[in-house]
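Enquirer: pasting a predicted model and its sequence here:
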Amino acid sequence: MFQEFTITKLNRLSYQQLKSIKSYEILENIDNIEHLDHNLVDCWKKLIASIATTEGIEDLIISNIMLAFIDNEKKFNFLKSQKLDESIHTNKLINYNLQTFKYKKEQKSIADKIIYDFFLKMFAKLFPRKPIYGLILLQFFEIYGVQFYKKLSNTAKKFNLFEFEKLINLISEDEERHISGISIIISDELKKNSLSFFDIILIKFIISICVFDINMNKNAFHNKAVRKNILALGMNPNELTNFAKKTAKLILKNLQNSKKIERNIYV
């Protein structure tokens, strides 16, 4: 019964992607920024570049998870569709930044190199054998992303960046679809294979690195510039940081209780 529901649901979510792709094709992907001063332009372009970097790392994570499901067509195809989504997100964000702000991030920050290029790439090597690690990591990114994009969409509207607002809303819709699909796969995987104490410890460590990466509190030296940009745009970095911590706690609590991770965690 569960297996039949899983297949039907994952199929439907994969098909929904076709409609989403068409929506991206009609975006103009450029806004008029004559009303923004130099400081705001600098804040926007650097923030968008950071978001594109994060979307890009999800592509890598999914590629490694897919290797675990080569023999499971439905799960493989859903993850394949999600991988395509993340690639579209990254390219659209980069192109928007280039067309609107004439900016492209040429060099990664030290934090990006340590967290993304070292830690997450190292852990990603485990995902073909232990896909649950990567699935939980994706779940964290997606749930946090929906909350962050809601804030970002409202901020874009306030600054009359209407094309960017449309882009962020489309990305957010994709993330909600991803949460639903990943939740189904995680629940199915946990029914088949229970987590060991070591699994829980390692997942905690992986998630803690991501929370550290997001941390925008005053004492977060690695995100000093990001905090400054977030504040300049009228968003609350402490609120975003606290939500990341809350999301991590709820995900880990559900894992320890061997319960399904529900998609309404972020509500």
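Expert: Good, I have the coordinates.

Enquirer: let me see the ranges of the helices in the stretch 151-267 of the chain.
Expert: Secondary structure of the stretch 151-267 of the chain (DSSP state H, counting those that start in this stretch): helices at 162-192, 197-214, 224-232, 237-256.

Enquirer: show me the one of those that comes nearest P131.
Expert: Nearest to P131 among the helices of the stretch 151-267 of the chain is helix 162-192 (6.7 Å), distances taken as CB to CB. No exception for glycine: its C-beta is placed from N, CA and C like everyone else's.

Enquirer: before we move on, the earlier item: turn the helices of the stretch 151-267 of the chain into a markdown table, columns for mean pLDDT, mean neighbour count and distance to M66.
Expert: Formatted as a markdown table, the helices of the stretch 151-267 of the chain follow (pLDDT from 0 to 100; neighbours: other CB atoms under 10 Å; distance: least, CB to CB, whole Å):
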| stretch | mean pLDDT | mean neighbour count | distance to M66 |
| --- | --- | --- | --- |
| helix 162-192 | 93 | 20 | 11 |
| helix 197-214 | 93 | 16 | 18 |
| helix 224-232 | 94 | 17 | 30 |
| helix 237-256 | 91 | 17 | 21 |
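
Enquirer: turn these into TSV, including distance to R12.
Expert: Below are the helices of the stretch 151-267 of the chain laid out as TSV (distance: least, CB to CB, whole Å):
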stretch	distance to R12
helix 162-192	10
helix 197-214	29
helix 224-232	36
helix 237-256	24
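
Enquirer: identify whichever of these lies nearest to I57.
Expert: Closest among the helices of the stretch 151-267 of the chain, using CB to CB: helix 197-214, at 9.8 Å.

Enquirer: packing partners for that closest one?
Expert: helix 131-158, helix 237-256 (3 or more CB pairs under 8 Å, 6 or more residues apart in numbering; DSSP states H and E).

Enquirer: okay, now the closest residue to K75 other than its chain neighbours: neighbour count?
Expert: Once flanking residues are discounted, K75 sits nearest to F69: 4.3 Å by CB to CB, 6 or more residues apart in numbering. Number of residues near F69 (other CB atoms under 10 Å) recorded here: 19.

Enquirer: tell me the contacts of F69?
Expert: K75, F76, L79, P131 (CB atoms under 8 Å, 6 or more residues apart in numbering).

Enquirer: same check, this time on V146
Expert: So, once contact is read as CB under 8 Å, 6+ apart, V146 ends up touching S172, E175, E176, I179, Y266.
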